[in-house]
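Enquirer: Structure here, sequence nowhere to be found:
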């Protein structure tokens, strides 16, 4: 019914076309240095400000929860309506759907800011500018970083960069292959709004729950596909099954804990432990290996994250191409 009303504007491109566009966008995002502000993640401060206007502190708990559901819909629906209308206006232009998909992919895929953060933190620590390193980490993690030692900063940077690399690069790419550009854009905007309405902030304890749970749902299937590729990476000792089980039980995000534990085990570094948020002190179970993280092991862990992400996505891309050619010739 919806397709009959809107025509082909909401129909995903053929799978072989999507795989080609995604591969090119991945190469550009990973290797071509274009400005960091050309990303949807740069909308986080503006969306957070909009959330503060809606999520007034005098609102009841029920009102905060309801507004946390309605505001994402108010943001998502006009975005999709604009893109569908724009495609309809340019419907006669050759390759317009592919061009628009490609532009949106460049906006939603993000990996370089996370990798740059690791380098910036390490550089400031090595130069003795610990205050600057803590400020960078504070913006990325929304933690209270004033008490962190150099080892604590490396640990926080490793956790944050690995998770952001998976959430901001891998998950939207996975969604594009599975659901097309509208599914990928919806997933990315949910991730952006979850960052803007972060549950680590006291004012978002009820307001941000909807986006958080939807984000975790969007993360589940991609994470389950990624985990075997992390396990297949060379090096490192196998993760302790008991530690993995403890992480799954005790961490807020179960799949996130498993991915982090496996990545940390590859470099034998210990993640988790106590951390301060604005809401107070939280103690997460320790996961991974037995050694404290260093600059080198953190960089190696982020490199392993990138390898697993690329391996998982390239397997899907090649499988998609093979499927299209198989169905074409049969």
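Expert: Ah, there it is. Remember, predicted model here, so these are calculated numbers, not experimental data.

Enquirer: C-terminal to the helix or strand of the chain with the lowest mean pLDDT, what's the next element?
Expert: Between all helices and strands in the chain, the lowest mean by mean pLDDT, DSSP states H and E belongs to helix 2-6, at a mean of 42. Towards the C-terminus, the helix or strand next in line after helix 2-6, according to DSSP states H and E, is helix 15-31.

Enquirer: packing partners for that following helix?
Expert: Counting contacts by 3 or more Cβ pairs under 8 Å, 6 or more residues apart in numbering; DSSP states H and E, the secondary-structure elements packed against helix 15-31 are helix 96-108, helix 171-196, helix 295-329. Where you see a C-beta, it was placed from the backbone N, CA and C, and this is true even at glycine.

Enquirer: Deepest-packed of these, please.
Expert: With neighbours defined as mean count of other Cβ atoms under 10 Å, the helices and strands packed on helix 15-31 peak in mean count at helix 171-196, which reaches a mean of 23.

Enquirer: what pairs with residue 288 across the strands?
Expert: Applying DSSP bridges to residue 288 gives these bridge partners: residue 270.

Enquirer: any idea how far residue 40 is from the nearest residue to residue 218 once chain neighbours are set aside?
Expert: In space, not counting the residues next to it along the chain, residue 218 is nearest to residue 187; the distance is 4.8 Å by Cβ to Cβ, 6 or more residues apart in numbering. Relative to residue 40, residue 187 is positioned 11 Å away (criterion: Cβ to Cβ, to the nearest Å).

Enquirer: Is residue 119 within a helix or a strand, and which one?
Expert: Of the helices and strands defined by DSSP H and E, residue 119 is found in helix 112-126.

Enquirer: Which elements pack onto that helix?
Expert: Packed against helix 112-126 by the contact rule (3+ Cβ pairs under 8 Å, 6+ apart) you find helix 130-141, helix 150-165, helix 295-329.

Enquirer: With distance to residue 191 and mean pLDDT as added columns, please give the ones you listed in CSV.
Expert: Below are the helices and strands packed on helix 112-126 laid out as CSV (distance: least, Cβ to Cβ, whole Å; pLDDT from 0 to 100):
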stretch, distance to residue 191, mean pLDDT
helix 130-141, 14, 87
helix 150-165, 10, 90
helix 295-329, 15, 88
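
Enquirer: Please identify which of those helices is closest to residue 268.
Expert: Between residue 268 and the helices and strands packed on helix 112-126, the shortest gap by Cβ to Cβ is with helix 295-329, which sits at 7.6 Å.

Enquirer: and that closest one, how far out from the chain's middle?
Expert: Taking Cα atoms, centre = their mean, to the nearest Å, one finds the center of helix 295-329 at 16 Å from the center of the full chain.

Enquirer: report the angle between the axes of the helix or strand where residue 46 lies and helix 171-196?
Expert: Assigned by DSSP H and E, residue 46 falls within helix 44-54. With axes from the mean of the first three to the mean of the last three Cα atoms, to 10 degrees defining the directions, helix 44-54 sits at 40 degrees from helix 171-196.

Enquirer: neighbouring contacts of helix 44-54?
Expert: When contacts are defined by Cβ atoms under 8 Å, 6 or more residues apart in numbering, helix 44-54 is touched by residues 67, 71, 75, 192, 193, 195, 196, 197, 203, 204, 207.
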